[in-house]
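Visitor: Structure here, sequence nowhere to be found:
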């Protein structure tokens with residue numbers, strides 16, 4: 001029996017970024033600019049770049065904050081429609 005192959009931290013990080021992009025529809029250049037201050041960040045990751053730990057922390061914090069904002073937005077109750085009453 002073969003043991004499951006574990007992904008490296010770099011692969012796990014890249015997967016987290018790719019999953020966020022797919023789930024949110026965010027363009028890679030926009031994500032890189034907002035999360036890392038580098039529009040080519042995702043392209044560099046896809047080409048094998050290993051970012052500094054501080055950059056990984058900043059990007060993961062951006063993903064967490066974006067996810068939390070979406071959850072808050074989803075929980076916010078919709079505005080109640082104004083009910084119209086017939087004139088007497």
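Guide: Sure thing, it's come through. As the structure is a computational prediction, the values presented were derived from the model and not from experiment.
Visitor: for this structure, longest helix please?
Guide: In the chain, assigned by DSSP state H, the helix with the most residues is helix 53-75.
Visitor: packing partners for that helix?
Guide: helix 9-24, helix 28-36 (3 or more CB pairs under 8 Å, 6 or more residues apart in numbering; DSSP states H and E). Just so you know, the C-beta spots here come from the backbone N, C-alpha and C atoms, and that holds for glycine as well.
Visitor: What are the contacting residues of the longest one?
Guide: Where contact means CB atoms under 8 Å, 6 or more residues apart in numbering, the residues beyond helix 9-24 that reach it are 7, 26-28, 31, 42, 45-46, 50-51, 56, 59-60, 63, 66, 70.
Visitor: One more: stretch 52-66?
Guide: 13, 16-17, 20, 24, 34-36, 41, 51.
Visitor: Write the PyMOL selection for whichever of the contacts of helix 9-24 are buried.
Guide: Typed into PyMOL, the line below selects the buried ones among these, using 16 or more other CB atoms under 10 Å:
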select buried, resi 26+28+31+42+45+51+56+59+63+66
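Visitor: Next, count neighbours for residue 8.
Guide: Burial of residue 8 is recorded as 9 neighbouring residues (other CB atoms under 10 Å).
Visitor: Next: residue 21.
Guide: 15.
Visitor: now the one helix or strand in the chain whose mean pLDDT sits lowest: how far from the chain's centre is it?
Guide: Least confident helix or strand of the chain, by mean pLDDT, DSSP states H and E, is helix 53-75 with a mean of 93. Distance of helix 53-75 from its chain centroid, counting by CA atoms, centre = their mean, to the nearest Å, is 6 Å.
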